[in-house]
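Q: quick check, what structure comes out for this input:
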Amino acid sequence: MRSKQPTIWDIAIKLNVSISTVSRALRNAPDINPDTKKAVLDLAHELDYQPNTIATSLRKNKTDIIGVLVPEFVHAYFPNVILGVQEVANAAGYKVMIGQSNESLEIEKHNLQAMLSSRVEGLIMAITRETNEYEHIQSAQRKGLPVVFFNRIVDELQGSKVLVDDYRGAFRAVEHLIQTGCRRIAHLAGPENLTMSRNRLNGYIDALKAHAFPIDETIIMPCDFVEGKARFCTQQLLNRPDRPDALFAVNDPTAIEALVCIQENGLSIPDEISLVGFSNAPHSAFVTPPLTSVVQPTNEIGRVAARLLLRQLAEGPDFVPETQTLDTTLVIRKSTQPVLRAV
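A: Residues are numbered from 1 along each chain as shown. Below is the predicted model:
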């Protein structure tokens, strides 16, 4: 059976003082006898008294809590973003409530409602791969909840957004493949409804066009972040008589599924087929061969998102939503050939 938490009533009764006296002592108010304050604080410590933050927030109409809602924790990207959020939020005196939706729209709705019930003051979120209707988010915004979006962003949702330069990152990755001698480069793409996926696809296409390569839509394969689908799509590409000599994947988990499939087919990376990912997940440096990937500044994404949300909370109705775009870099490892010549 759960033991009862001590309250300020318990302290007041034991010391035979008023509730207001205990409250002033705990708040370190100046208008209280020092001996009384010491007695209150000593007893609070002895009882392991913890303030009722819910009651306090109701009195203040302020919880000092911000929510972070992400689609999954399977990969390191979202936990690393959250570390950046916590760094900024904690320094500003805010606590962080975290929810992950297991790539489920229904769980996302449930988590959002739980955060609203907990009276979070603002929200930082990336939607799930299933999220194709947005009324639950728009309804929260109409009720006055400030929301900052990152990573999984769609045009239908309004508010501040934190992006990386997906287009330029993809362009660099594909251009690197071209500079290593690859001539038939396939793309394992993300969900079409996400701005991120479209920008990476456009970067892929424009890099090919910039080097006068034809665009073959039959080797652009939507994988949609569904586990196992990248392996299926990669196998389809490998079965072709005009098999690609390189793959550019929408993210590292997709690239690693492709890597496994390629090796199961007895092909050598990068001697027979090159591979580039996007996101530079921590384990990408430890697969065999280590994966060439586009690096995203995940901690900084979280920090920027938190700063935007705190500004919106401070400025209130005067705040104008912003979109901030962070740059990427390409880390070259052993899944691609050395650059042969300037192309």
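
Q: now do the helix of greatest length in the chain, average pLDDT.
A: Longest helix of the chain, by residue count under DSSP state H: helix 298-315. If you average the pLDDT over helix 298-315, you get 97.

Q: next SSE after it?
A: strand 323-326 (DSSP states H and E).

Q: can you list contacts of that following strand?
A: 160-165, 296-297, 300-301, 304, 308 (C-beta atoms under 8 Å, 6 or more residues apart in numbering). Where you see a C-beta, it was placed from the backbone N, CA and C, and this is true even at glycine.

Q: hang on, the earlier thing: which other helices and strands contact the longest helix of the chain?
A: Using 3 or more C-beta pairs under 8 Å, 6 or more residues apart in numbering; DSSP states H and E as the contact criterion, the secondary-structure elements in contact with helix 298-315 are helix 77-91, strand 122-125, strand 147-150, strand 160-164, strand 323-326.

Q: paired strands for the third one, with orientation please.
A: Here strand 147-150 has these sheet partners by DSSP bridges: strand 122-125 (parallel), strand 160-164 (parallel).

Q: residue boundaries of the strands in the stretch 201-343 of the chain?
A: If you assign secondary structure with DSSP state E, counting those that start in this stretch, the strands in the stretch 201-343 of the chain sit at 220-222, 246-249, 274-279, 292-295, 323-326, 329-331.

Q: check the stretch 1-150 of the chain too.
A: Under the criterion DSSP E, counting those that start in this stretch, the stretch 1-150 of the chain carries strands at the ranges 65-70, 95-100, 122-125, 147-150.

Q: can you give the contact residues for the first one?
A: If you take C-beta under 8 Å, 6+ apart as the criterion, strand 65-70 is touched by 57, 78, 81-82, 85, 89, 94-101, 108, 111-112, 115, 118-126, 306, 309.

Q: count of neighbours near Thr180?
A: 21 (other C-beta atoms under 10 Å).

Q: whoops, I mixed them up, Thr336
A: Number of residues near Thr336 (other C-beta under 10 Å) recorded here: 24.

Q: separation between it and Met125?
A: With distances defined as C-beta to C-beta, to the nearest Å, the gap from Thr336 to Met125 amounts to 34 Å.

Q: that older thread, just the buried residues out of the contacts of strand 65-70, in ChimeraX syntax.
A: Only the buried entries of these go into this ChimeraX selection, using 16 or more other C-beta atoms under 10 Å:
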select :57,78,81,82,85,89,94,96,97,98,99,100,101,108,111,112,115,120,121,122,123,124,125,126,306,309
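
Q: what bridges to Glu186?
A: Quick fix: residue 186 reads Ala, not Glu. As for beta bridges, Ala186 partners with Leu247 under DSSP bridges.

Q: poorly predicted segments of the chain, please.
A: Judged by pLDDT under 70, the chain has its weakly predicted residues at 1-3, 52-61, 341-343.

Q: now stretch 246-262, how far from the centre of its chain.
A: Taking the mean C-alpha point of stretch 246-262 and that of its whole chain, the gap between them comes to 20 Å (C-alpha atoms, centre = their mean, to the nearest Å).

Q: what comes up buried for it?
A: Within stretch 246-262, the residues scored as buried using 16+ other C-beta under 10 Å are 246-259, 261-262.

Q: also stretch 144-160?
A: Counting neighbours by 16+ other C-beta under 10 Å, the buried set in stretch 144-160 is 145-154, 157, 159-160.

Q: quick check, nearest of these to Ser279?
A: Top of the list for closeness to Ser279, among these and by C-beta to C-beta, is Asn151 at 9.6 Å.

Q: mind checking how far the residue nearest to that closest one when sequence neighbours are not counted is from Leu69?
A: Counting by C-beta to C-beta, 6 or more residues apart in numbering, Ala126 is the residue found nearest to Asn151 once chain neighbours are left out, at 4.3 Å. Applying C-beta to C-beta, the value for Ala126 to Leu69 is 8 Å.

Q: equivalent analysis for Gln235, please.
A: From Gln235 over to Leu69 the distance is 34 Å, taken as C-beta to C-beta.

Q: for those two, indicate the residue with more neighbours.
A: In this comparison of Gln235 against Leu69, neighbours counted by other C-beta under 10 Å, the higher total goes to Leu69 at 25 against 14.

Q: quick check: closest non-adjacent residue to the more buried one.
A: Met125 (4.0 Å).

Q: how far away is the one you found from Asp35?
A: Here the distance between Met125 and Asp35 works out to 50 Å (C-beta to C-beta).

Q: could I get the helices and strands packed on helix 298-315 as JSON lines with distance to Tyr49?
A: As requested, the helices and strands packed on helix 298-315 are exported to JSON lines (distance: least, C-beta to C-beta, whole Å):
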{"stretch": "helix 77-91", "distance to Tyr49": "23"}
{"stretch": "strand 122-125", "distance to Tyr49": "30"}
{"stretch": "strand 147-150", "distance to Tyr49": "36"}
{"stretch": "strand 160-164", "distance to Tyr49": "39"}
{"stretch": "strand 323-326", "distance to Tyr49": "43"}
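
Q: what's the closest of those to Phe225?
A: Among these, helix 77-91 comes nearest to Phe225, with 11.5 Å by C-beta to C-beta.

Q: look up phi and psi at Asp271.
A: Main-chain dihedrals, Asp271, degrees, to the nearest 10: phi -60, psi -40.

Q: let's have the strands of the stretch 1-150 of the chain in CSV, adding distance to Pro289.
A: As requested, the strands of the stretch 1-150 of the chain are exported to CSV (distance: least, C-beta to C-beta, whole Å):
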stretch, distance to Pro289
strand 65-70, 30
strand 95-100, 31
strand 122-125, 35
strand 147-150, 31
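
Q: thanks again, I'm all set now.
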